[in-house]
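J.: can't give you the sequence, but here's the structure:
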């Protein structure tokens, strides 16, 4: 029995990533690490590229590695270590390895099949022929080996011997340049090697890559920083980048868009710089990188910078308004709150109150440094600024911070939260709400608020003057106060139940929101009670947009602060970027019954007894994507889901 199946997918990017005209300079962009066991133990990754459909391909010790965002698949072709990869399109890939190069073509069943194109395996100089680079060059594919360049044009292969052993090659303005062991730079053009430098009295540094800075062509070298060639001389670029690279041992290079470059080193991790030689980011083991040796780099159009390391694979999300500072060195502990005053950044953690310069949080240093303020040891829950006063809510009580010294205000009970309203400082404590008022230049205790007891973890006032209190494991309380700050009306508008651990309350300009993290559900207050938002996609969108609610802090007009596990996040406001997505792909279709299953290809016939079908699909290497599907055009769309499979 033959049935025509027509399945349609609708995919949605619920939440995009922020990305303006430049990269955020504070903190570390989101970094994702993969251990070798997560990518099939494929060994070292020597080269990386992506296909137009978003799938990433990597040349590894054990073959060609494919990653679609869900699964790593290791493809075996030549016997030697795979050194280089060139992705022509979604269905055609070239790889170079030890003593071999070849072409991968996608078959009818969607799987790649390898064919060797190297006819000289038995006639190789010194038995060494490693293919480290492959380029598309004016209608041809250029495969660069240890001693030769092979041009593949319309199925015809031409071998051109290099003047000496090739150490490195790269493309610049669609032209191929080669650097050899005699420290000579050549341009490869029209089947010839054309000399590019004449420096009889000096050695040319080992070039790894090149970029254009103003009107100069600058070369990134292995050990001598950044240089240019002028008037038969090597001229060093005077810049922080050039100086820093001298002790880093450069190994890999990658342009990042039109205005930045990425440089992988053996000793100091990844460096990202602008074209003037200013360092924007240093990503190393102190910042979360698994290993300081970066063997390969690839920048994908979705803003991800992929790094093949001496141990592991990493990905840096550059098109993102969130950046991070993690405590990998044990400098400050678990962050809870912060405050920014001029260039002084204060951080409250489980270990105490820390301070650093805001300018020192730029990510152009090897690590971040924080100083513990004297006698602040212990849990800091809240830092709150009003006019020229800075208050610190501590496990030991309430303090004023002046000249980096803590002055006790009330040490009877620990402090959760603070809010200022109508000339009064309301303080949420471990037991009730205290009110302080400034008199004759001094803050003094006024009273404890009647009818409110328990651990008052979150405080807020809405635009109508209602006082909101979050008392964990009890209720969300709304209180109406009179002019004497006496409660005249008190309502429990949301009661905790056995399934609630902690609710997040946020009072915005026009609404009051509540997030239940145990149920992953948002609620809004409709003047009488909290009503859940409908739709899981909407809930996820709100969660990603609003973040951690009252635990977040607006530092200034440019940045928000968010506590995260083992550190904190900085969110750069504005410059919202919506990622462009490639189309979804159907990875595989499986027909199955109660006792058997098998893969199905296009136009295959399926026995009636195997009338169960499972579709696995994905928008490759994209985050925050939600799907809808329908089996026939006349059917209703499915509910929105993040799941990447469906069964019929």
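T.: Alright, I've got the coordinates. Bear in mind that the values here come from a model prediction, so they are computed numbers and not experimental data.
J.: contacts and neighbour counts: CA atoms only from here.
T.: Noted.
J.: Could you tell me whether residue 241 really is in a strand?
T.: No - Residue 241: not assigned to a strand; according to DSSP: H, G, I helix; E, B strand; the rest coil it is helix.
J.: what's the closest non-adjacent residue to it?
T.: Ranked by C-alpha to C-alpha, 6 or more residues apart in numbering and with sequence neighbours excluded, the top spatial neighbour of residue 241 is residue 277, at 5.0 Å.
J.: Quickly find the element holding that neighbour.
T.: Here residue 277 is covered by no helix or strand, with elements defined by DSSP states H and E.
J.: what about the stretch 51-200 of the chain, any weak spots by pLDDT?
T.: The stretch 51-200 of the chain contains residues with pLDDT under 70 at 122-127, 197-200.
J.: And the pLDDT for the residue nearest to residue 241?
T.: Reported pLDDT at residue 277 in the predicted model: 96.
J.: for residue 245, same thing?
T.: 97.
J.: again with the one 10 residues further on
T.: Predicted confidence (pLDDT) at residue 255: the value is 96.
J.: Okay, now stretch 88-105: how far is its last residue from its first?
T.: Taking C-alpha to C-alpha, to the nearest Å, the first and last residues of stretch 88-105 lie 10 Å apart.
J.: Provide the contact partners of that stretch at residue level.
T.: 51-53, 59, 64, 78-87, 106, 112-118, 121, 128-134, 143 (C-alpha atoms under 8 Å, 6 or more residues apart in numbering).
J.: what do you get for stretch 66-81?
T.: 38-40, 42, 54-58, 60-65, 97-102, 112, 114-116, 618, 620-622.
J.: So what's the residue count around the closest residue to residue 31 other than its chain neighbours?
T.: If you skip the residues right next to it in sequence, residue 31 has residue 316 as its closest partner in space, 4.7 Å away by C-alpha to C-alpha, 6+ apart. In terms of burial, residue 316 registers 20 neighbours under the definition other C-alpha atoms under 10 Å.
J.: How about the one 5 residues further on?
T.: Burial of residue 321, expressed as a neighbour count using other C-alpha under 10 Å, amounts to 25.
J.: Now do it, the pLDDT please.
T.: Looking at residue 321, its pLDDT reads 87.
J.: try residue 534
T.: pLDDT, the model's per-residue confidence, is 65 for residue 534.
J.: Over to the one 5 residues further on?
T.: Taken from the predicted model, the pLDDT recorded for residue 539 is 55.
J.: Check residue 19 too.
T.: The predicted local distance difference test score for residue 19 is 43.
J.: now the one 5 residues further on
T.: Per-residue confidence for residue 24 comes out at a pLDDT of 77.
J.: do you know how far it is from residue 272?
T.: Looking at residue 24 against residue 272, where the rule is C-alpha to C-alpha, the gap reads 12 Å.
J.: Residue 97 too?
T.: Distance, residue 97 to residue 272, using C-alpha to C-alpha: 29 Å.
J.: do residue 324 as well
T.: Between residue 324 and residue 272 the distance is 16 Å, computed by C-alpha to C-alpha.
J.: if we can go back for a sec, can you go through the contacts of stretch 88-105 and name the buried ones?
T.: Neighbour-count burial within the contacts of stretch 88-105 applies to 51, 53, 59, 64, 78, 80-87, 112, 114, 129-134, 143; the criterion is 16 or more other C-alpha atoms under 10 Å.
J.: how about low-confidence regions in this protein?
T.: 1-7, 9, 11-22, 122-127, 197-202, 534-551, 575-580.
J.: Would you map the helices across it?
T.: With DSSP state H as the criterion, the chain has helices at 240-245, 536-546.
J.: by contact count, what packs against the shortest one?
T.: Right, the one you point to is helix 240-245. Counting by 3 or more C-alpha pairs under 8 Å, 6 or more residues apart in numbering; DSSP states H and E, the packing neighbours recorded for helix 240-245 are strand 226-230.
J.: how far out from the middle of the chain is the strand it packs on?
T.: Using C-alpha atoms, centre = their mean, to the nearest Å, we find the averaged C-alpha position of strand 226-230 to lie 33 Å away from the chain's own average C-alpha position.
J.: same deal with stretch 585-593?
T.: Centroid separation between stretch 585-593 and its chain, computed with C-alpha atoms, centre = their mean, is 31 Å.
J.: Contacts only, for the residue nearest to residue 241.
T.: If a contact means C-alpha under 8 Å, 6+ apart, then residue 277 has 237, 239, 240, 241, 242 as its contacts.
J.: so who does the fourth one touch?
T.: Each residue near residue 241 by C-alpha under 8 Å, 6+ apart is listed here: 225, 226, 273, 277, 278, 279.
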